[in-house]
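Peer 1: model the structure of this input:
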Amino acid sequence: MTCPFCGGLDNKVIDSRLSREKTAIRRRRSCEGCGRRFTTYERVEELAPIVVKKDGRREHFNRRKLLAGLERACEKRAIAAQTIDSLADELERGLIERGEKEVSSRRIGDMVMDRLRSLDPVAYVRFASVYRSFTDLDEFVEEIRGMGITRSGGSGR
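Peer 2: The predicted structure follows:
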């Protein structure tokens, strides 16, 4: 492990413990060269699928992109950061557990929309407006009507 401060390779582990989420081992290390301490995390490497984009390009699944999209949709809403992070974890786990080598970006978008629909209607509509690339106001209004939301904010169902 390279020291982030001096680049030295000689360091020792001074403490190890499970992370709060119990998904990683947290290690405190001390650099033999500069004497500074730093933390590393050891996680199981899981094979996330390749994402097939609308234009046919393929790229590795990127949790940060998923999280950024969720954060944009949930911006200025009463949704805790931990809830958004947990949602990203749940979606990523779901993709990995499917065991597929490739998944379409459309499938990922549908999964996100399903979760956001029950979490927060405004976040759902924000995400849907980008994901579905609404071209005019009528498409946007139709999406909201399809959710059964009334002007008072409640469900019309």
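Peer 1: where does this protein dip in pLDDT?
Peer 2: Applying pLDDT under 70 to the chain picks out residues 133-135, 140, 147-157.
Peer 1: for it, which helix is longest?
Peer 2: Scanning the chain for the helix with the most residues, using DSSP state H, yields helix 81-98.
Peer 1: got a list of contacts for it?
Peer 2: Residues outside helix 81-98 that contact it (C-beta atoms under 8 Å, 6 or more residues apart in numbering) are 46-49, 61, 63, 66-67, 70-71, 74, 103, 108, 111-112, 115, 119. Where you see a C-beta, it was placed from the backbone N, CA and C, and this is true even at glycine.
Peer 1: ok, now stretch 36-54?
Peer 2: In contact with stretch 36-54 (C-beta under 8 Å, 6+ apart) are residues 1, 3-6, 14, 19, 23-31, 58-63, 92, 95-96, 98, 100-106, 108.
Peer 1: now with 7 Å, please.
Peer 2: 1, 3-5, 19, 23-30, 58-61, 92, 95-96, 100-105, 108 (C-beta atoms under 7 Å, 6 or more residues apart in numbering).
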